[in-house]
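Asker: Task: produce atomic coordinates for the following.
(2 chains)
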Amino acid sequence: MFQPDDPLAPPQPVFDEPWQAQALALADNLVQAGHFTATAWAEALGQELRSAESEGAPDDLDTYYAAVLSALETLTESAGISEETRVQRRTDWEAAYFRTPHGKPVVL
Amino acid sequence: MPTFDSENAAKLHRELHTHLPSDPVLRVKTLESLAVERGLVAPESLDAWIEAYSEHIGPKRGAHVVARSWLDPGFRTRLLDDAAEAIKEFDYQGDASAHLKAVENTDTQHNMVVCTLCSCYPFSILGMSPAWYKSTEYRARAVREPRKVLTEFGVALPEDVSVRVWDSTAELRYLVVPQRPSGTDGWSEERLAALVTRNSMIGTERDLKAEAG
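Answerer: Okay, the predicted model is just below:
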């Protein structure tokens, strides 16, 4: 992953996938709204990155954004979103995707 | 011997339904819908953030700050003294909680920025950080062997120039102010700003060239 950019390469999109932007937007908005501090965010993300490294995860953006998601899940628990709630909500989303015909908007 | 594993069966079931989004997409949707529902964040503010950071906020902001510091000695003093306060005149604040420190390159000192903990970065004036800034390798090696890392970025630092590496935190982020290139006398702020690259403001580039503008 450590590759200095090629100055002659065409401009790259800021985010490879929309969910990466959504995850960082959520983290920054939760900080701005005071649900956790910027320091707590940096520490949680740092801890996830260290765990990933010690588990031998590749040094790439997939690993980075997976750490972002895990840090968000940890910190939103202290803002009242328990793991149980998350598991239930995820099941609800999956059910919504299964029952929604292709091409229609998926709603809970 | 194959055994029934409910988790595996569920995984297989998900994979069969190819229209089910990927695991990270579902994790984000889960968190976002709960956070919005509970009033922790406003959906319009998430949308505004994504649009701003995908389309509008990038290193051009920092480049204007640097260009102004080259042109206006009073601004330069204010910037080096308290960057967070000084850049208010650009109306760029997007990350009010973080303090910003500007560190100026000189003939004898080069500055370089890293976040050894995670990926703290002055994104309200430089936009999202490049992939390499987030890598474990850069985060570890920038402090351990900065000169070698600089060489890999194409910066051949003379022996008599020292390197100072600044380790960012959530509460204190850094902007490197590169040196003004020669041959730019009389240039406007706009024209000067066009010379200032993102990497020069992180410190992985040093000598800016007048011909780039």
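
Asker: tell me the phi and psi of B:E104?
Answerer: phi -100, psi 130 (degrees, to the nearest 10).

Asker: meant to ask about B:L157
Answerer: phi -80, psi 120.

Asker: A:F15 should be in a helix, yeah?
Answerer: No - applying DSSP: H, G, I helix; E, B strand; the rest coil, one finds A:F15 to be coil, outside a helix.

Asker: wait, doesn't it sit right on A:A23?
Answerer: No - applying CB atoms under 8 Å as the test, A:F15 and A:A23 come out as separate, 9.5 Å apart. Quick note: C-beta positions are derived from backbone N, CA and C, even for glycine.

Asker: Can you spell out the domain ranges of chain B, please?
Answerer: B:7-41, B:57-212 (automatic domain parsing).

Asker: buried ones in stretch B:149-168?
Answerer: B:V149, B:L150, B:F153, B:V155, B:V163, B:V165, B:W166, B:S168 (16 or more other CB atoms under 10 Å in any protein chain shown).

Asker: helices or strands up against the helix or strand containing the fifth one?
Answerer: Just to be clear, that refers to B:V163. Applying DSSP states H and E as the criterion places B:V163 in strand B:162-167. If contacts are counted by 3 or more CB pairs under 8 Å, 6 or more residues apart in numbering or on different chains; DSSP states H and E, strand B:162-167 sits against strand B:99-104, strand B:109-114, helix B:136-144, helix B:146-152.

Asker: neighbouring strands for it, and are they parallel or not?
Answerer: Paired neighbours of strand B:162-167 in the sheet (DSSP bridges): strand B:109-114 (parallel).

Asker: any weak-confidence spans in chain A?
Answerer: A:1-2, A:7 (pLDDT under 70).

Asker: how close does the nearest residue to B:V25 once chain neighbours are set aside sit to A:Q12?
Answerer: In space, and not counting its chain neighbours, B:V25 is closest to A:W19: 4.8 Å by CB to CB, 6 or more residues apart in numbering or on different chains. Shown here: A:W19 relative to A:Q12, a distance of 17 Å by CB to CB, to the nearest Å.

Asker: go on, B:M112?
Answerer: From B:M112 over to A:Q12 (counting by CB to CB), the distance is 22 Å.

Asker: Kindly report the same for B:S22.
Answerer: 21 Å.

Asker: Pull up the gap between the residue nearest in space to the middle of chain A and B:L46, please.
Answerer: The residue lying closest to the centre of chain A (CA atoms, centre = their mean) is A:L69, at 3.1 Å. Per CB to CB, A:L69 is found 15 Å from B:L46.

Asker: State the pLDDT value of the residue lying closest to B:Y53 once chain neighbours are set aside.
Answerer: In space, and not counting its chain neighbours, B:Y53 is closest to B:M128: 5.9 Å by CB to CB, 6+ apart. B:M128 carries a pLDDT value of 94.

Asker: So B:M128: helix, strand or coil?
Answerer: The three-state label given to B:M128 by three-state DSSP is coil.

Asker: after the host helix or strand of A:T39, next one along is what?
Answerer: Assigned by DSSP H and E, A:T39 belongs to helix A:38-54. Next along the chain after helix A:38-54, taking DSSP H and E as the criterion, comes helix A:61-78.

Asker: Is that following helix positioned near chain B?
Answerer: Yes - Helix A:61-78 is in contact with chain B by CB under 8 Å from any CB of the partner chain, via A:L61, A:Y64, A:Y65, A:A66, A:L69, A:L72, A:E73, A:T76.

Asker: which parts of that helix are buried?
Answerer: Here helix A:61-78 shows A:61, A:63-76 as buried, counting by 16+ other CB under 10 Å.

Asker: what's the angle between it and helix B:136-144?
Answerer: 90 degrees (axes from the mean of the first three to the mean of the last three CA atoms, to 10 degrees).

Asker: Are there helices or strands packed against helix A:61-78, and which ones?
Answerer: helix A:18-32, helix A:38-54, helix A:83-99, helix B:23-37, helix B:131-134.

Asker: what sits up against it?
Answerer: Residues from elsewhere that reach helix A:61-78, judged by CB atoms under 8 Å, 6 or more residues apart in numbering or on different chains: A:1, A:16, A:19-20, A:23-24, A:26-27, A:30, A:35-36, A:40-41, A:44-45, A:47-49, A:51-52, A:57, A:83, A:86, B:24, B:27-28, B:31, B:34-35, B:40, B:119, B:131, B:134-135.
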